[in-house]
Structure formats: C-alpha cells, structure tokens
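**Q** Let me see the structure of the following:
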Amino acid sequence: KVPAFLNVVDIAGLVKGAAEGQGLGNAFLSHISACDAIFHLC
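**A** Numbering: from 1, shown residues only. Next up, the predicted model:
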C-alpha cells in the first residue's frame, strides 16, 4: 500500500526584467522541472 500525500510549496515566480537576465533564470526552471503538478492561484 502506498500512502497518499500532498506537498505544497511556493515556487518563486518570474520577475519584471526576466527577459534581461533579472531573477532566478535557470534556477527557476529547475524548480519547475522538479514538480509533478502545478497549481496556479491568483
């Protein structure tokens, strides 16, 4: 039997100027690729 669990974390989002190299860059992408699912709340 596999126990069910849900781990909720806040992933840093894109910032103004991201296209010019501001923010986390590739580190942001590595955080996203480690997720099995993404929930967008606004």
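
**Q** Please report the distance of residue 4 from residue 33.
**A** Residue 4 is 23 Å from residue 33, where distance means CB to CB, to the nearest Å. (Each C-beta comes from the backbone N, C-alpha and C, glycine too.)

**Q** Residue 2 too?
**A** 23 Å.

**Q** So these two - more neighbours on which side?
**A** Set side by side, residue 2 and residue 33 give different neighbour counts by other CB atoms under 10 Å, the larger being at residue 33 (7 against 4).

**Q** In contact with the more buried one: list those residues for me.
**A** In this structure, residue 33 makes contact with no residue, judged by CB atoms under 8 Å, 6 or more residues apart in numbering.

**Q** Which pLDDT does the model give it?
**A** With respect to pLDDT, residue 33 has a value of 77.

**Q** can you check residue 23 too?
**A** Residue-level pLDDT assigned to residue 23 equals 75.

**Q** now the strands: where do they sit in this structure?
**A** Applying DSSP state E to the chain gives no strands.

**Q** Run through this structure and note the low-pLDDT ranges.
**A** 11-14, 25, 31 (pLDDT under 70).

**Q** can you give me the helices in it?
**A** In order along the chain, the chain carries the following helices (DSSP state H): 26-33.

**Q** Residue 28: neighbour count?
**A** The burial count for residue 28: 16, using other CB under 10 Å.

**Q** Distance check, residue 36 against residue 21.
**A** With the distance defined as CB to CB, residue 36 ends up 29 Å from residue 21.

**Q** Contacts only, for residue 36.
**A** In this structure, residue 36 makes contact with no residue, judged by CB under 8 Å, 6+ apart.

**Q** which phi and psi does it have?
**A** With angles defined as degrees, to the nearest 10, residue 36 shows backbone torsions of phi -90, psi -30.
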